[in-house]
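> the following comprises the amino acid sequence and a computationally predicted model.
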Amino acid sequence: MSVKPFTPEEAREILESLQQPVVFFGMASDWPALDWNVEQLSQILDRKAVRFRIAQRREGKTPLFETQCSYREATVREFLCWATGQSEAGSGPFCELPLSDHWAYADYKYLALLFEDKPSMFEGVAWSDFGYPGRNGRESTLWIGTAGANTPCHLDSYGCNLVLQVQGRKRWHLFPPEDTGCLYPTRVPYEESSVFSRVSVTRPDLQRFPAFSGARAHTVTLEPGQVLFVPRHWWHYVESLDPLTVSVNSWMELEVDDEARVAEAVTRTVVCALKTTPGADNGDAWLNPTEGVVTSHDENLQYLNLAVRACAEKQGGTPHESPPPPPPPPATANARAGKRDVKGQPKRGTGPHPALSAPFGPHLVPVPPSAQRFEERGDPHPEPYPCTDSAPEPPRSCDRKAADSPRGGASQEMCPRGGEHRPISTNDLLECLVHPEVVAMVTKLLLSRQSTHRGFV
C-alpha cells in the first residue's frame, strides 16, 4: 500500500475545518477505481441498462435544467459504441442522435444499485482514507459522460462532497456561499436539498441577471486521480471536457444541522402545495427527475413537524429524550447535513474542530478564484454584453441591493422598459415565498412558536 500524504485523521481534520474547495493529490493513488474506464465498466455491467440524460449541444444564455433533457435506457456498451463511433451504434438506442450535436450523461448512478450483484466493486473506492472508517463505494455515485455533458449550477442545502476523477477531465466552476444573491437562486425545478441558479454561468445574460457580474468564480480542471472537496453551500457547475469521462462522488455528512432540515421541509411543503395546484400557468415540468414522485401535503407536513420538533428540543435542551432526527422525505434519499445556517452563512462556534492553518502544498491545493473576465476565461464563442457597445467594468462584489431582493435583482423581468407590467406567475410567487431570506424567517418563527407552545407539534 502506498504512503499517503495525509493520514485519515489529518484528512478528516482538513475537511471539517476548511470552508473553501481544495484538490487532494496522491490520496487515491492505490484505489482500484482508478482503473474504471468506460471500456472496463461496459464489460463489468454487461447487459445492465442504465438511464442516460441526453441534450443537444448549445450555446444559449439560459441554463439547461434536467427537466429539459430527454432520457434513454441503454447499456454502457451501447453508449460506448455511440460515443466512439463504432459501427454497432447504427442500430442502438442512440442511433438517430449525431454525436456532433448531442451529449449523454449517466449521472447520479448509485454504486449500491449498479453493482448489487458485485459487492467487491465497492472496495474500489476507499473514502476511509479521508477519515471515515468503513466508508467505501457503497455510498457513492458514478458519473459517465461525453464531452459537453454538464450538471446545472446549484448548491446543496446541507452536506459536502468529495469527488474522485477517474477518466477524462471535468471543469468545475465554483462560487462561494456569499455570492448566493449573484446566482439568482430558484427552487424550480425542485430537488430536495438542491437550489439551482437561473444564470447560465458560462454564458451569462447580464442584462437579465446584472448582479452576476459581481460573482467570484473559482475554476479548476479536475484530472484523473485527483480528489476535489466541495464544501457545503458552494455553488458548482460541472462540464465534461473529454470524449469520455468517469468520476465518483460521495456526499459526506460533517455535522447534523436540524435548522437546515426545517428550512428544507418548509420549502418542500410550499413548493409542492403551489406546483400541484391547477392553473393556466402551472403546467411546467417542475419536479426534477431525481425526485421520482410528488409527496402529498400530509406527508410534507408530517416531515415538517418532525424537523421542527427535533430542532426545537435540541435548542431548548429539554431533559426528556429527544426524538431521532427526521428521516428524508419519502420521495428521495438525498437528505444531507452541514455546518452553515439556512442562509448559507457559517455558524459561529460550531464544528468539532477549531479553524486550522491548512497544510497547503503539492498534495493539497486550494481552488483559486479566477482573476479574468468571463470572455477571457476560455469561452470559445465570446459575445459582447447585451445592449452595449463595450463591456462595462463589473462591480468588485455583488450588487447587494439587487441581490438581496427576493427577485435577486431581476426587476427588469417584472417591469420591462416602457413601464409595461408582466403578469405575476405562479413561479414568480413561488420564488419569493421560498427565497432563502423568507424561508429563514419562517424557520425562526416556527421554532419560536414551538419553544413557546410545547403542544404545537
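Done, it's in.

> any stretches of the stretch 51-200 of the chain with poor pLDDT?
89-90 (pLDDT under 70).

> typed the wrong thing, it's the stretch 251-400 of the chain
Checking the stretch 251-400 of the chain against pLDDT under 70 turns up 254-256, 316-356, 371-400.

> mind listing the helices for it?
Using DSSP state H, counting those that start in this stretch, the helices of the stretch 251-400 of the chain run over 258-275, 297-316, 400-403.

> save these as TSV, and put in mean neighbour count and distance to E16 too.
Quick note: C-beta positions are derived from backbone N, CA and C, even for glycine. Output for those, formatted as TSV (neighbours: other Cβ atoms under 10 Å; distance: least, Cβ to Cβ, whole Å):
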stretch	mean neighbour count	distance to E16
helix 258-275	23	17
helix 297-316	18	20
helix 400-403	16	29
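
> now distance to H421 too, for the ones you listed, in JSON lines please.
As requested, those are exported to JSON lines (distance: least, Cβ to Cβ, whole Å):
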{"stretch": "helix 258-275", "distance to H421": "21"}
{"stretch": "helix 297-316", "distance to H421": "32"}
{"stretch": "helix 400-403", "distance to H421": "19"}
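
> show me the one of those helices that comes nearest W286.
Nearest of those to W286, taken as Cβ to Cβ: helix 258-275 at 4.6 Å.

> what is that closest one packed up against?
strand 185-191, helix 297-316, helix 426-433, helix 436-452 (3 or more Cβ pairs under 8 Å, 6 or more residues apart in numbering; DSSP states H and E).

> so which bits of the last one are buried?
To tie it back to what came earlier, the one meant is helix 436-452. Counting neighbours by 16 or more other Cβ atoms under 10 Å, one finds that the buried residues in helix 436-452 are P436, V438, V439, A440, V442, T443, L446, L447, Q450.

> and the nearest residue to G148 once chain neighbours are set aside, bridged to which residues?
Excluding its sequence neighbours, the residue lying closest to G148 (Cβ to Cβ, 6 or more residues apart in numbering) is W103, at 3.8 Å. Per DSSP bridges, the residues bridged to W103 are A55.

> ok, A83 touching T146?
Yes: A83 is within contact range of T146, at 5.1 Å (criterion: Cβ atoms under 8 Å).

> more crowded one of those two?
Set A83 next to T146 and count neighbours by other Cβ atoms under 10 Å: T146 wins out with 24 against 21.

> from R58, how far off is the more buried one?
In this view, T146 and R58 are 15 Å apart by Cβ to Cβ, to the nearest Å.

> now stretch 435-453, how far from the chain's geometric center?
How far stretch 435-453 lies from its chain's middle: 25 Å, per Cα atoms, centre = their mean, to the nearest Å.

> ignore the last one, stretch 292-304
For stretch 292-304, the distance to the chain centre is 22 Å (Cα atoms, centre = their mean).

> could you export it as PDB, CA atoms only?
Below are the C-alpha coordinates for stretch 292-304, written out as PDB (Å, rounded to 0.1, in the frame of the first residue of the first chain):
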ATOM      1  CA  GLY A 292     -39.300  10.400  -8.600                       C
ATOM      2  CA  VAL A 293     -42.700  11.300  -7.300                       C
ATOM      3  CA  VAL A 294     -44.600  14.100  -5.700                       C
ATOM      4  CA  THR A 295     -45.100  13.700  -1.900                       C
ATOM      5  CA  SER A 296     -48.500  14.700  -0.600                       C
ATOM      6  CA  HIS A 297     -49.300  17.700   1.600                       C
ATOM      7  CA  ASP A 298     -49.900  15.400   4.600                       C
ATOM      8  CA  GLU A 299     -46.500  13.700   4.100                       C
ATOM      9  CA  ASN A 300     -44.700  17.000   3.800                       C
ATOM     10  CA  LEU A 301     -46.400  18.500   6.800                       C
ATOM     11  CA  GLN A 302     -45.600  15.400   8.900                       C
ATOM     12  CA  TYR A 303     -41.900  15.800   7.900                       C
ATOM     13  CA  LEU A 304     -42.000  19.500   8.800                       C
END
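
> the stretch 1-150 of the chain: strands as residue ranges?
22-24, 50-56, 70-74, 102-110, 140-145, 150-156 (DSSP state E, counting those that start in this stretch).

> number of nearby residues for R169?
17.

> I should have written C69 there, sorry.
There are 17 residues near C69, going by other Cβ under 10 Å.

> go on, L34?
19.

> hmm, back to that, what is in contact with A83 and T146 at once?
L99, A104, P243, L244 (Cβ atoms under 8 Å, 6 or more residues apart in numbering).

> of those residues - the most surrounded one?
When neighbours are counted as other Cβ under 10 Å, the busiest of the shared contacts of A83 and T146 turns out to be A104, with 26 neighbours.
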